[in-house]
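1. Sequence and predicted structure are below.
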Amino acid sequence: MSIQDARVSAITPDLEVAKNAPAAEPWQVIVKRWQVPSVVRACWQLVATLAVYIALWWGMYLSLEVSWWLTLPLAALAGAILVRLFILFHDCGHGSFFPSRVANDMVGRVLGVLTFTPYLHWRMEHAIHHATTCDLERRGVGDVWTMTVQEYLAASRGKRFLYRLARNPIVLFGVAPVVLFLFLERWPRSGARARERWSVWFTNMALVGLVLGLGSLFGFLPYLVIQLVVMGIGGTIGVWLFYLQHQFEDTYWERTEKWDYVTAALQGSSFYKLPKVLQWVTGNIGFHHIHHLNARIPNYNLERCHKAEPLFQTVRPITLFASLKAASLRLWDESSQKLVGWRHVRQLRRAAAASVSVGAGRKARG
């Protein structure tokens, strides 16, 4: 699939991205009735979330005269609300938040500044992600670095070290989010079109204005500390959500010739069942199996779609407690069709060593 196909795949309303599925599949009819955006719902979500976010920043400004012990918890809460703003930004990128494309693009650009993410550039990369999710031969754009067991065993020592480092939870959920949003998003990727590159530069210029404005209001050092806490908390939650959406034990990966769009959505994308408060903070993104089946369904329709359609009742949920196991999973095992941890690799090595030893013993006796 070309990059142009990938761009189209995540934003076309009639799901033509599903090239491996018959055009008249029942699921297309099922999901299409939920992809109608609502101006009222979208405006309410946007205004309410922005109001909470701005109120928290105002509270942090006032709290600086009282104590940092009051400021930092407010910053942590602002980081959580930033996740919700990112979900609204995400819906705009899919053209699903408002009925109007112009409204989606305008709001998306503004939210892109607040989330430190260039809107058009991110939209292009995320479209590729939707077009290639769970395809072993099309990894590398908009996903978490995932190797198969055999790839890892055949890799050089240096590459194995880098992979272990990248999959370390402290790096993946602590360091990587800050690096991603503060540094990597400041540069366009190779192959980006002119409008996507300009999206990066304009976002960067807007961020300079934001930093100067809030820095002069808060004081630059206090502002930088607060912004790092907000981005750190929000980024960690966001990367964890993105990780768990496709990185769980019984997920789905397949080679291109056998890859299936519907299976990638319903089996390869998680249903993360969260408590109601966390579901609100994360903008219903836990219903990710539906989102990957039709990215044009707005977040405020996902739960109702899940509850109303029998098609989705067979998808096994992942609870908050059960999701913690996913942090220990590292590699895709093509033989067992499961995501596995380092223990599995050690077992394979011991089994291989024992096999070699047995073979050598038989040869010696012969």
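-> All right, it came through fine. All values derive from a computational prediction rather than experimental measurement.

2. Phi and psi next, for F183.
-> Backbone torsions of F183, given as degrees, to the nearest 10, read phi -120, psi -60.

3. pLDDT at it, what is it?
-> Note on F183: pLDDT of 95.

4. measure V179 to E185 for me?
-> Per CB to CB, to the nearest Å, V179 is found 10 Å from E185. The way it works is simple: take the backbone N, C-alpha and C, and place the C-beta from them, glycine included.

5. do the same with G235
-> Per CB to CB, G235 is found 11 Å from E185.

6. just the helices in the stretch 1-150 of the chain please.
-> Remark: helices assigned in the stretch 1-150 of the chain by DSSP state H, counting those that start in this stretch are 3-9, 26-32, 39-63, 68-93, 101-114, 119-132, 149-154.

7. Out of those helices, indicate the one that is most buried.
-> Comparing those by mean neighbour count (mean count of other CB atoms under 10 Å), helix 119-132 comes out on top with a mean of 23.

8. Give me the packing partners of it, helices and strands only.
-> If you count contacts as 3 or more CB pairs under 8 Å, 6 or more residues apart in numbering; DSSP states H and E, helix 119-132 packs onto helix 3-9, helix 68-93, helix 101-114, helix 194-218.

9. So L241 lies in a strand, does it not?
-> No: applying DSSP: H, G, I helix; E, B strand; the rest coil, one finds L241 to be helix, outside a strand.

10. Let me see the contact set for it.
-> With contact taken as CB atoms under 8 Å, 6 or more residues apart in numbering, L241 is in contact with V83, Y272, T282, I285, G286.

11. F89 too?
-> Contact analysis of F89 by CB under 8 Å, 6+ apart lists V107, G108, L111, G112, T115, T117, Y119.

12. which two from these end up farthest apart in space?
-> V107 and T117 (13.3 Å; CB to CB).

13. I'd like to know which of the helices of the stretch 1-150 of the chain lies nearest to R197.
-> The minimum distance between R197 and the helices of the stretch 1-150 of the chain falls on helix 119-132, with 7.3 Å, by CB to CB.

14. just the angle between that closest one and helix 68-93, please?
-> Calculated by axes from the mean of the first three to the mean of the last three CA atoms, to 10 degrees, helix 119-132 forms an angle of 70 degrees with helix 68-93.

15. tell me the average confidence for helix 119-132?
-> Here helix 119-132 scores 96 as its mean pLDDT.

16. And for stretch 350-364?
-> Mean pLDDT, stretch 350-364: 64.

17. Which pLDDT value does the model give the closest residue to N301 other than its chain neighbours?
-> Nearest-residue entry for N301: W34, 4.7 Å, with adjacent residues in sequence omitted and distances by CB to CB, 6 or more residues apart in numbering. In the predicted model, W34 carries a pLDDT score of 95.

18. quick one on the thing from earlier: neighbour count winner among V179 and E185?
-> Between V179 and E185, E185 has the larger neighbour count (other CB atoms under 10 Å), namely 20 against 12.

19. how about the more buried one, what does it touch?
-> Listed by CB under 8 Å, 6+ apart, the contact partners of E185 are F116, T117, P118, H121, W122, V200, T203.

20. Highest neighbour count among those?
-> Per-residue neighbour counts (other CB under 10 Å) across the contacts of E185 peak at P118, which has 29 neighbours.

21. tell me the phi and psi of that residue?
-> phi -70, psi 120.

22. mind starting the numbering at 55 from now?
-> All right, first residue 55 from here; so that's P172.

23. show me what contacts the closest residue to P371 other than its chain neighbours?
-> In this structure, P371 finds its nearest non-sequential neighbour in K327, 3.8 Å apart by CB to CB, 6+ apart. For K327, the contact set (CB under 8 Å, 6+ apart) comprises G340, P371, I372, T373, L374.

24. how does it look with 7 Å?
-> Counting by CB atoms under 7 Å, 6 or more residues apart in numbering, K327 touches G340, P371, I372, T373.

25. need the contact list for D387.
-> Contact analysis of D387 by CB under 7 Å, 6+ apart lists V203, V394, H398.

26. I'd like those residues as a markdown table, with distance to F151 appended.
-> Listed next are the contacts of D387 as a markdown table, based on distance: CB to CB, whole Å:
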| residue | distance to F151 |
| --- | --- |
| V203 | 40 |
| V394 | 37 |
| H398 | 41 |
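
27. from those, which is closest to Q281?
-> Relative to Q281, the closest of the contacts of D387 is V394; by CB to CB it sits at 38.0 Å.
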